[in-house]
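Student: Structural data only, the sequence is not supplied:
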């Protein structure tokens, strides 16, 4: 019998890429969706036998746990606050909504809950604060259900949201934008390609099924850190852009900006994961996708 996995954010960038992999792994997938969900990223899978869609705005959320005997939950849904979004919307998306699912999972005998988190400092934005707050609830609920928290560095790839940093940068270079303003760009970041992120979740999924624990935390990155201004220069070069002026220092750093990053992937290495896609390979694939 196929193991049943409930996924939030199934039509988003991370969720849709994870679904493609889980289908190949022969899981039964239940996708939580809303009235306004855009199915473009998973349109080729909507009629598959072992993938079901549950609209939680039309039916009560607890009914999905009554309709299916769910083995595990992977929470991918995230509100980054990139567009004009109210504080309430961010809290509802990143704290209240997953907390409802976590509570129902614990009451329904679900084996584990895997949460997608950020490695960024909690005080940078409402988004990072709300993600940090949910992680505290995750630790509390780990007494009732196995919980994994997956802290992600900056991941990117084809099909990502066009307002996110890497994709917005690529599109700006491809359109030959005349000027782009940046901070001084001395902060270091770790950029990880989406395929490697998905593989990390698959390894964590296997770990959650076959091991006994309360709470485990995993950090996902390449451990190859680049100053932002160097990363931007690489993207510009690979985009074959010679026109755009890079105005470093035109913007101030965000309040609470983390200048150095340290991603610890020891926990992931222990369960057999390591990054496979180089920065150059990942960027070229992404630039090619958006160049079309």
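Tutor: Perfect, I can see it now. No experiment lies behind these values; they were computed from the predicted model shown. Residues are numbered from 1 along each chain as shown.
Student: Where do the strands of this protein begin and end?
Tutor: For the chain, the strands defined by DSSP state E occupy 4-8, 28-33, 51-55, 72-75, 112-118, 146-152, 154-156, 179-182, 188-189, 191-193, 215-220, 226-227, 245-248.
Student: winner for burial among those?
Tutor: Mean neighbours per residue, mean count of other CB atoms under 10 Å, is largest over the strands of the chain for strand 72-75, with a mean of 26. Backbone N, C-alpha and C define where each C-beta goes, glycine included.
Student: neighbouring strands for that strand, and are they parallel or not?
Tutor: Using DSSP bridges, strand 72-75 pairs in its sheet with strand 4-8 (parallel), strand 112-118 (parallel).
Student: now the angle from the first one to strand 28-33?
Tutor: Using axes from the mean of the first three to the mean of the last three CA atoms, to 10 degrees, the interaxial angle of strand 4-8 with respect to strand 28-33 works out to 20 degrees.
Student: how distant is strand 4-8 from the center of its chain?
Tutor: 15 Å (CA atoms, centre = their mean, to the nearest Å).
Student: quick one: average pLDDT of that strand?
Tutor: Averaged over strand 4-8, pLDDT sits at 97.
Student: Kindly report the same for stretch 106-125.
Tutor: Per-region confidence: stretch 106-125 scores 93 on mean pLDDT.
Student: May I have the distance across that stretch, first residue to last?
Tutor: By CA to CA, to the nearest Å, the extent of stretch 106-125 from end to end equals 29 Å.
Student: that older thread, tell me which of the strands paired with strand 72-75 lies nearest to residue 63.
Tutor: Residue 63 sits nearest to strand 4-8 of all the strands paired with strand 72-75, at 12.3 Å, using CB to CB.
Student: can I get the strands paired with strand 72-75 in CSV with distance to residue 272?
Tutor: Formatted as CSV, the strands paired with strand 72-75 follow (distance: least, CB to CB, whole Å):
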stretch, distance to residue 272
strand 4-8, 20
strand 112-118, 16
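Student: for these, which one sits closest to residue 276?
Tutor: strand 112-118 (19.9 Å).
Student: Just the residues contacting the closest one, thanks.
Tutor: 9, 14, 72-76, 78, 98, 101-102, 105, 127-128, 131-132, 134-135, 138, 141, 145-152, 201, 204-205, 208-209 (CB atoms under 8 Å, 6 or more residues apart in numbering).
Student: follow-up on the earlier one: of the strands of the chain, which is nearest residue 284?
Tutor: Minimum separation from residue 284 across those (CB to CB) falls at strand 191-193, 10.5 Å.
Student: closest to residue 163 out of the strands paired with strand 72-75?
Tutor: Taking these one by one with CB to CB, strand 112-118 is closest: 16.2 Å.
Student: Relative to the whole chain's centre, how far out is the closest one?
Tutor: Counting by CA atoms, centre = their mean, strand 112-118 comes out at 10 Å from the chain centroid.
Student: got the angle between it and strand 215-220?
Tutor: Orientation check (the same axes, to 10 degrees): strand 112-118 against strand 215-220 gives 40 degrees.
Student: Would you mind getting the angle between strand 112-118 and strand 146-152?
Tutor: Angle, strand 112-118 to strand 146-152, by the same axes, to 10 degrees: 20 degrees.
Student: for the stretch 101-250 of the chain, what spans make up the helices?
Tutor: For the stretch 101-250 of the chain, the helices defined by DSSP state H, counting those that start in this stretch occupy 126-141, 165-174, 194-210, 228-238.
Student: okay if I get those helices as JSON lines plus mean neighbour count and distance to residue 268?
Tutor: Shown next, in JSON lines, are these (neighbours: other CB atoms under 10 Å; distance: least, CB to CB, whole Å):
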{"stretch": "helix 126-141", "mean neighbour count": "18", "distance to residue 268": "17"}
{"stretch": "helix 165-174", "mean neighbour count": "19", "distance to residue 268": "22"}
{"stretch": "helix 194-210", "mean neighbour count": "19", "distance to residue 268": "6"}
{"stretch": "helix 228-238", "mean neighbour count": "17", "distance to residue 268": "22"}
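Student: Alright, that wraps it up for me.
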